[in-house]
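Peer 1: sequence and predicted structure below; questions after.
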Amino acid sequence: MSDKRAPPGPADDDTRAADARCDHADAGGDAGGDAGADAGGGTGDGQGAAARAQEAARAAVVRGRDLSREGWRSFRARSVYFQLRTGVVLLWIAIAALTIALAPPTPNDFVVERRDLSFGLANRTALVIVNQNSGDRDACVLEVQGVETDFDSRRLAPGRWRTRPFALAEGEKKTLFTEELFDDRGHSPSYQLEVTAARLFEDDDVLWSGTPARAPGAR
(Lines give C-alpha, C1' and ligand atoms only; values in the text may rest on other atoms or scores of the structure.)
Protein backbone atom coordinates (compact mmCIF):
# COMPACT_ATOMS: atom_id res chain seq x y z
CA MET A 1 0.00 0.00 0.00
CA SER A 2 1.23 3.46 -0.68
CA ASP A 3 1.22 6.05 2.16
CA LYS A 4 -0.42 9.12 0.80
CA ARG A 5 -0.77 12.19 3.02
CA ALA A 6 -3.02 15.07 2.27
CA PRO A 7 -1.30 18.42 1.64
CA PRO A 8 -1.47 20.94 4.52
CA GLY A 9 -4.57 22.95 4.45
CA PRO A 10 -5.59 26.39 5.77
CA ALA A 11 -6.36 24.95 9.22
CA ASP A 12 -2.78 23.72 9.64
CA ASP A 13 -1.42 27.16 8.71
CA ASP A 14 -3.61 28.80 11.34
CA THR A 15 -2.39 26.37 13.96
CA ARG A 16 1.27 27.08 13.23
CA ALA A 17 0.66 30.84 13.35
CA ALA A 18 -1.07 30.53 16.71
CA ASP A 19 1.84 28.48 18.09
CA ALA A 20 4.32 31.13 16.92
CA ARG A 21 2.33 33.88 18.65
CA CYS A 22 2.27 31.88 21.87
CA ASP A 23 6.04 31.36 21.74
CA HIS A 24 6.58 35.10 21.19
CA ALA A 25 4.31 35.96 24.09
CA ASP A 26 6.15 33.52 26.36
CA ALA A 27 9.52 35.07 25.41
CA GLY A 28 8.24 38.62 26.08
CA GLY A 29 6.80 37.58 29.40
CA ASP A 30 10.06 35.98 30.47
CA ALA A 31 12.06 39.08 29.47
CA GLY A 32 9.67 41.43 31.26
CA GLY A 33 9.73 39.28 34.34
CA ASP A 34 13.51 39.20 34.41
CA ALA A 35 13.75 42.98 33.95
CA GLY A 36 11.20 43.61 36.68
CA ALA A 37 13.05 41.29 39.02
CA ASP A 38 16.33 43.07 38.30
CA ALA A 39 14.76 46.48 38.91
CA GLY A 40 13.16 45.32 42.09
CA GLY A 41 16.43 43.85 43.24
CA GLY A 42 18.23 47.18 42.58
CA THR A 43 15.65 49.11 44.60
CA GLY A 44 15.94 46.61 47.39
CA ASP A 45 19.73 46.94 47.43
CA GLY A 46 19.48 50.76 47.65
CA GLN A 47 17.03 50.60 50.53
CA GLY A 48 19.23 48.08 52.30
CA ALA A 49 22.29 50.34 51.97
CA ALA A 50 20.33 53.32 53.35
CA ALA A 51 19.13 51.23 56.28
CA ARG A 52 22.67 50.06 57.02
CA ALA A 53 23.95 53.65 56.91
CA GLN A 54 21.27 54.80 59.35
CA GLU A 55 22.06 51.91 61.67
CA ALA A 56 25.78 52.77 61.57
CA ALA A 57 25.02 56.42 62.38
CA ARG A 58 22.85 55.43 65.34
CA ALA A 59 25.57 53.09 66.57
CA ALA A 60 28.16 55.89 66.33
CA VAL A 61 25.92 58.26 68.34
CA VAL A 62 25.38 55.63 71.02
CA ARG A 63 29.11 54.88 71.14
CA GLY A 64 29.97 58.57 71.49
CA ARG A 65 27.45 58.99 74.29
CA ASP A 66 28.87 55.97 76.10
CA LEU A 67 32.41 57.30 75.78
CA SER A 68 31.34 60.69 77.14
CA ARG A 69 29.70 59.07 80.14
CA GLU A 70 32.74 56.88 80.77
CA GLY A 71 35.04 59.90 80.55
CA TRP A 72 32.88 61.90 82.95
CA ARG A 73 32.79 59.02 85.46
CA SER A 74 36.56 58.66 85.18
CA PHE A 75 37.00 62.39 85.78
CA ARG A 76 34.72 62.32 88.83
CA ALA A 77 36.72 59.42 90.22
CA ARG A 78 39.96 61.45 90.18
CA SER A 79 41.15 63.54 93.10
CA VAL A 80 39.73 66.96 93.92
CA TYR A 81 43.12 68.52 93.16
CA PHE A 82 43.11 67.04 89.66
CA GLN A 83 39.58 68.30 89.06
CA LEU A 84 40.45 71.81 90.24
CA ARG A 85 43.61 71.92 88.14
CA THR A 86 41.70 70.79 85.05
CA GLY A 87 39.01 73.39 85.71
CA VAL A 88 41.60 76.17 86.01
CA VAL A 89 43.23 75.14 82.71
CA LEU A 90 39.88 75.08 80.91
CA LEU A 91 38.95 78.46 82.38
CA TRP A 92 42.28 79.94 81.23
CA ILE A 93 41.72 78.61 77.70
CA ALA A 94 38.21 80.08 77.63
CA ILE A 95 39.46 83.50 78.83
CA ALA A 96 42.26 83.51 76.25
CA ALA A 97 39.87 82.62 73.42
CA LEU A 98 37.40 85.29 74.54
CA THR A 99 40.16 87.90 74.76
CA ILE A 100 41.34 87.13 71.23
CA ALA A 101 37.78 87.21 69.89
CA LEU A 102 36.91 90.55 71.53
CA ALA A 103 40.26 92.30 71.05
CA PRO A 104 40.13 95.24 68.63
CA PRO A 105 41.89 94.65 65.30
CA THR A 106 45.45 95.85 65.03
CA PRO A 107 45.55 99.00 62.91
CA ASN A 108 47.46 99.00 59.66
CA ASP A 109 51.01 100.25 59.88
CA PHE A 110 50.39 102.74 57.08
CA VAL A 111 47.44 104.56 55.57
CA VAL A 112 47.76 105.84 52.01
CA GLU A 113 45.03 108.06 50.55
CA ARG A 114 44.54 109.94 47.32
CA ARG A 115 43.04 113.42 47.54
CA ASP A 116 41.82 115.71 44.76
CA LEU A 117 42.49 119.33 45.72
CA SER A 118 41.11 122.42 44.03
CA PHE A 119 43.68 124.00 41.73
CA GLY A 120 42.34 126.93 39.73
CA LEU A 121 39.71 125.67 37.31
CA ALA A 122 40.81 122.07 37.77
CA ASN A 123 42.05 119.73 40.47
CA ARG A 124 45.44 118.46 41.45
CA THR A 125 46.21 115.06 42.91
CA ALA A 126 47.86 114.62 46.30
CA LEU A 127 48.91 111.40 47.98
CA VAL A 128 48.79 111.39 51.78
CA ILE A 129 50.80 108.81 53.74
CA VAL A 130 50.38 108.30 57.49
CA ASN A 131 52.85 106.19 59.46
CA GLN A 132 50.58 104.88 62.22
CA ASN A 133 52.75 102.40 64.12
CA SER A 134 55.69 101.26 61.99
CA GLY A 135 58.45 103.06 63.84
CA ASP A 136 60.65 105.76 62.36
CA ARG A 137 61.53 105.23 58.71
CA ASP A 138 64.52 106.91 57.08
CA ALA A 139 64.38 106.02 53.37
CA CYS A 140 60.82 105.41 52.21
CA VAL A 141 59.98 105.37 48.50
CA LEU A 142 56.45 105.52 47.09
CA GLU A 143 55.92 103.96 43.66
CA VAL A 144 52.62 104.51 41.85
CA GLN A 145 51.00 103.31 38.65
CA GLY A 146 48.22 105.21 36.97
CA VAL A 147 46.93 107.35 34.14
CA GLU A 148 47.51 111.08 33.99
CA THR A 149 44.99 113.63 32.70
CA ASP A 150 46.05 116.86 31.01
CA PHE A 151 44.37 120.28 31.36
CA ASP A 152 42.00 119.45 28.49
CA SER A 153 40.73 116.43 30.46
CA ARG A 154 42.35 114.03 28.02
CA ARG A 155 43.56 110.77 29.47
CA LEU A 156 47.13 110.02 28.49
CA ALA A 157 49.02 106.74 28.35
CA PRO A 158 49.45 104.86 31.64
CA GLY A 159 52.78 105.07 33.39
CA ARG A 160 54.82 104.33 36.49
CA TRP A 161 56.45 106.90 38.75
CA ARG A 162 58.26 106.92 42.07
CA THR A 163 59.45 109.42 44.64
CA ARG A 164 62.93 110.05 45.87
CA PRO A 165 63.69 108.56 49.33
CA PHE A 166 62.11 110.46 52.22
CA ALA A 167 61.97 110.07 56.00
CA LEU A 168 58.70 109.28 57.74
CA ALA A 169 58.62 109.15 61.53
CA GLU A 170 55.99 107.15 63.41
CA GLY A 171 52.80 109.17 63.75
CA GLU A 172 53.84 111.56 60.98
CA LYS A 173 51.72 112.42 57.94
CA LYS A 174 53.34 113.28 54.62
CA THR A 175 51.63 114.79 51.58
CA LEU A 176 53.14 114.20 48.15
CA PHE A 177 52.18 115.97 44.92
CA THR A 178 52.66 114.75 41.38
CA GLU A 179 55.70 116.97 40.81
CA GLU A 180 57.48 114.83 43.43
CA LEU A 181 56.96 111.69 41.30
CA PHE A 182 59.36 110.78 38.49
CA ASP A 183 59.50 108.13 35.78
CA ASP A 184 62.64 106.47 34.43
CA ARG A 185 63.39 109.54 32.30
CA GLY A 186 62.99 111.94 35.23
CA HIS A 187 59.65 113.34 34.04
CA SER A 188 56.74 114.01 36.39
CA PRO A 189 53.09 113.29 35.54
CA SER A 190 50.50 116.03 35.10
CA TYR A 191 48.73 117.58 38.08
CA GLN A 192 45.80 115.16 37.78
CA LEU A 193 46.71 111.51 38.21
CA GLU A 194 44.37 108.54 38.45
CA VAL A 195 46.33 106.15 40.70
CA THR A 196 45.49 102.50 40.06
CA ALA A 197 48.15 100.91 42.30
CA ALA A 198 50.82 102.02 44.74
CA ARG A 199 53.64 100.49 46.72
CA LEU A 200 55.53 101.95 49.68
CA PHE A 201 58.86 100.36 50.43
CA GLU A 202 62.16 100.90 52.20
CA ASP A 203 65.17 99.18 50.69
CA ASP A 204 63.83 95.67 49.91
CA ASP A 205 61.01 95.74 52.49
CA VAL A 206 57.51 96.43 51.17
CA LEU A 207 55.76 98.49 53.85
CA TRP A 208 52.41 98.90 52.12
CA SER A 209 50.84 98.01 48.77
CA GLY A 210 47.39 98.43 47.27
CA THR A 211 45.16 101.06 45.72
CA PRO A 212 45.03 104.34 47.65
CA ALA A 213 41.55 105.14 48.91
CA ARG A 214 40.09 108.36 47.54
CA ALA A 215 39.28 110.86 50.27
CA PRO A 216 38.42 114.57 50.15
CA GLY A 217 40.57 117.04 52.03
CA ALA A 218 43.31 119.59 51.86
CA ARG A 219 46.97 119.56 52.63
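Peer 2: Okay, I see it.
Peer 1: taking the mean pLDDT, what do you get for the one helix or strand residue 63 maps to?
Peer 2: Using DSSP states H and E, the element containing residue 63 is helix 10-77. Averaging pLDDT along helix 10-77 yields 68.
Peer 1: helices or strands up against the next helix or strand after that helix?
Peer 2: Later in the chain than helix 10-77, the nearest helix or strand by DSSP H and E is helix 80-102. With contacts taken as 3 or more CB pairs under 8 Å, 6 or more residues apart in numbering; DSSP states H and E, helix 80-102 sits against helix 10-77. Quick note: C-beta positions are derived from backbone N, CA and C, even for glycine.
Peer 1: quickly list the domain ranges of the chain.
Peer 2: Residue ranges for the domains of the chain, per automatic domain parsing: 10-103, 110-214.
Peer 1: need the winner for burial among those.
Peer 2: domain 110-214 (a mean of 15; mean count of other CB atoms under 10 Å).
Peer 1: tell me the mean pLDDT for that one?
Peer 2: For domain 110-214, mean pLDDT rounds to 92.
Peer 1: skipping adjacent residues, who's closest to the residue most central in space within the chain in space?
Peer 2: By CA atoms, centre = their mean, the chain has its centre lying nearest to residue 210, at 20.0 Å. With CB to CB, 6 or more residues apart in numbering as the criterion, residue 210 has its nearest non-adjacent residue at 6.8 Å, and that residue is residue 198.
Peer 1: for that neighbour, helix, strand, or coil?
Peer 2: Recorded secondary structure, residue 198: strand (DSSP: H, G, I helix; E, B strand; the rest coil).
Peer 1: before we move on, the earlier item: contact partners for the residue nearest to the centre of the chain?
Peer 2: Applying CB atoms under 8 Å, 6 or more residues apart in numbering, we find residue 210 in contact with 112, 197, 198.
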